[in-house]
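> okay, structure incoming, though there's no sequence with it:
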């Protein structure tokens, strides 16, 4: 009787081991830009999209963090004077839900893709730049130029994003 129990146990064990190799769970899909805008393909080492937009009243640069579903938005108001167009020295940083933010975004707003390290570096540099701009505003009663944002933005390392690709062709 003991021998039959052991063989049944061993047979059950073998079946469990072999069935584990046959039945595989579906792989967890990676977060890619294809779900956000159709045909968007990102680089392998990036996990967030970078958006930029400017109109007559404000400028923003946003980082869409695909893993968390949140968007970090850095925005500035535009000040128009007789001497030119400037930005205010107060940088607003907001966290917005990605679904709400993406309603107003189109392909023209997507600039590139980057990762967490480069976003933090951009944020640190912008805080330093805005601190400098506040000092100039207090001392000289002048506003910062719009190029102060672009100079920090252009120094950020970004990866190219392609449009119009099929999900199978995207190497993410």
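Cool, got the structure. Note that the coordinates shown come from a computational prediction; the quantities given were computed from them, not determined experimentally. Numbering: from 1, shown residues only.
> what's the helix or strand for residue 139?
Assigned by DSSP states H and E, residue 139 falls within helix 116-140.
> so what touches whichever helix or strand comes after that helix?
Next helix or strand after helix 116-140 toward the C-terminus (DSSP H and E): strand 144-145. Contact with strand 144-145 is made by 84, 86-89, 129-130, 133, 136-137, as judged by C-beta atoms under 8 Å, 6 or more residues apart in numbering. (C-beta placed from N, C-alpha, C; glycine too.)
> and the residue nearest the centre of the chain, what's its pLDDT?
With distances taken as C-alpha atoms, centre = their mean, residue 48 lies nearest the centre of the chain, 2.3 Å away. According to the prediction, residue 48 has pLDDT 90.
> ok, now which ones touch it?
Taking C-beta under 8 Å, 6+ apart, one finds 63-66, 113-116, 119 in contact with residue 48.
> repeat that for residue 161.
Listed by C-beta under 8 Å, 6+ apart, the contact set of residue 161 reads 33, 40-43, 49, 110-113.
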